[in-house]
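In: Using only what follows, build the 3D model:
(chains A, B, C and D)
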Protein chains: 2
Amino acid sequence: MSLPDQLRSRGYRLTPQRQLVLEAVTTLGHATPEAAHAWIVDRSPGVNLSTIYRNLELLEELGLVNHAHLSHGAPTYHAATAPEHVHLVCRRCGTISSLDSDAVEPLVGMLRAEHGFHADVGHLTVFGECATCAKMYARDE
Amino acid sequence: MSLPDQLRSRGYRLTPQRQLVLEAVTTLGHATPEAAHAWIVDRSPGVNLSTIYRNLELLEELGLVNHAHLSHGAPTYHAATAPEHVHLVCRRCGTISSLDSDAVEPLVGMLRAEHGFHADVGHLTVFGECATCAKMYARDE
DNA sequence: CTACTTGCAAACTCTTTGCACCATA
DNA sequence: TATGGTGCAAAGAGTTTGCAAGTAG
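Out: Residues are numbered from 1 along each chain as shown, chains lettered A, B, ... in the order given. I've put the predicted structure just below:
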């Protein structure tokens, strides 16, 4: 269902700001509220940060975007249309890479079968050390 | 190595506050800075929140405690002496359960073998819906 | 027209920092 | 007694909210 229909069917209105927020998240791929705001202000000055927050929340409620917590607190949003993926975050260099959800299917299946737990894969973030940093710091510490 | 030795060997001092912070985290199991502070003030009034923050940071640097991000931003600390575990957080009821790290060993091994990524399992949190909530909401939405 | 939205500014929460006094080693 | 540590208060980041003016339907 398209954004206008999604909105109207629930009594919300279609505003330029809402379209921009969705567009920003879709285009940026991994967008913090701050980053989305910067992208939007670039093409439409005057849009307020609080509007970004309100609309990210709304779009998430509608299921059009999701968020995950990469690093210390800054939530990162992606469009729900993007293929679902797991994040790998390197705590040394901060690099964020994506991993197809299929790769964690065994884990998800096990959690469901043995613990009845329905994991939200799109929200899953694995912290650690990326290949590059692991090599670089191999002999330290 | 004990706390006093850990500290002294790096030129830090042993203070009652530091002992309390470590004790709070060990006792509480899952402690936010705020929770640790409450626990400490209970037995030693006057200890400041900023001291808790400073010492949690220090203890983590020494490898005596670890933290994970459960829910929206509030970091949760555990003693490093506790067995390493993964957190399962239910986004409906907020229940936090633990899962032995062995259970995710296949995933960790795969990440290392195929992506060179060294996952920090103790920091891993899986969000989703617990068995109870999954049943309760099965027919909604 | 009416109710939903927005911009703006203030309020909030969580965390960090500067500084003078205090206490460990 | 020489640092390193603490309490206190103020400053910061990130996010939320109240309200009057604006606008989609």
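
In: in the helix or strand where residue A:99 lies, what's buried?
Out: Residue A:99 is located in strand A:96-100, with elements delineated by DSSP states H and E. By 16 or more other CB atoms under 10 Å in any protein chain shown, the buried positions in strand A:96-100 come out as A:96, A:99. Where C-beta positions appear, they are placed from N, C-alpha and C, glycine not excepted.

In: Sheet partners, orientation included, of it?
Out: Next to strand A:96-100 in the sheet, as set by DSSP bridges, lie strand A:85-90 (antiparallel).

In: Output the following helix or strand past the strand holding residue A:99 in CSV with nothing but the alpha carbons.
Out: Next helix or strand after strand A:96-100 toward the C-terminus (DSSP H and E): helix A:105-115. Extracted as CSV, the C-alpha positions of helix A:105-115 are listed here (Å, rounded to 0.1, in the frame of the first residue of the first chain):
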residue,chain,number,x,y,z
GLU,A,105,17.7,-18.0,10.2
PRO,A,106,19.1,-20.9,12.2
LEU,A,107,19.3,-18.8,15.3
VAL,A,108,15.9,-17.4,14.8
GLY,A,109,14.5,-20.9,14.3
MET,A,110,16.1,-22.2,17.4
LEU,A,111,14.8,-19.3,19.5
ARG,A,112,11.3,-20.0,18.3
ALA,A,113,11.5,-23.7,18.6
GLU,A,114,13.2,-23.9,22.0
HIS,A,115,12.2,-20.7,23.7
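
In: For helix A:105-115, which helices and strands make contact with it?
Out: strand A:118-119, strand B:96-100, helix B:105-115 (3 or more CB pairs under 8 Å, 6 or more residues apart in numbering or on different chains; DSSP states H and E).

In: Can you list the buried residues in the longest one?
Out: Residues of helix B:105-115 classed as buried by neighbour count (16+ other CB under 10 Å): B:107, B:108, B:110, B:111, B:115.

In: So for that helix, mean pLDDT?
Out: Across helix B:105-115, pLDDT averages out at 95.

In: Between strand A:96-100 and that helix, find me the angle.
Out: Per axes from the mean of the first three to the mean of the last three CA atoms, to 10 degrees, the angle that helix B:105-115 makes with strand A:96-100 is 110 degrees.

In: could you pull out the strands for chain A?
Out: Here chain A has its strands, by DSSP state E, at A:65-69, A:75-79, A:85-90, A:96-100, A:118-119, A:125-129.

In: mean confidence for the last one?
Out: Mean pLDDT, taken over the full extent of strand A:125-129, equals 92.

In: Are it and chain B in contact anywhere?
Out: Yes - interface with chain B: strand A:125-129 contributes A:125, A:126, A:127, A:128, A:129 (CB under 8 Å from any CB of the partner chain).

In: Tell me how many other residues surround the third one.
Out: Here the count is done by other CB atoms under 10 Å in any protein chain shown, and residue A:127 has 21 residues near it.

In: And the nearest residue to residue A:32 once chain neighbours are set aside, how far from residue A:30?
Out: Leaving aside its chain neighbours, residue A:32 sits nearest to residue A:74 (4.8 Å; criterion: CB to CB, 6 or more residues apart in numbering or on different chains). Using CB to CB, to the nearest Å, we find residue A:74 at a distance of 10 Å from residue A:30.
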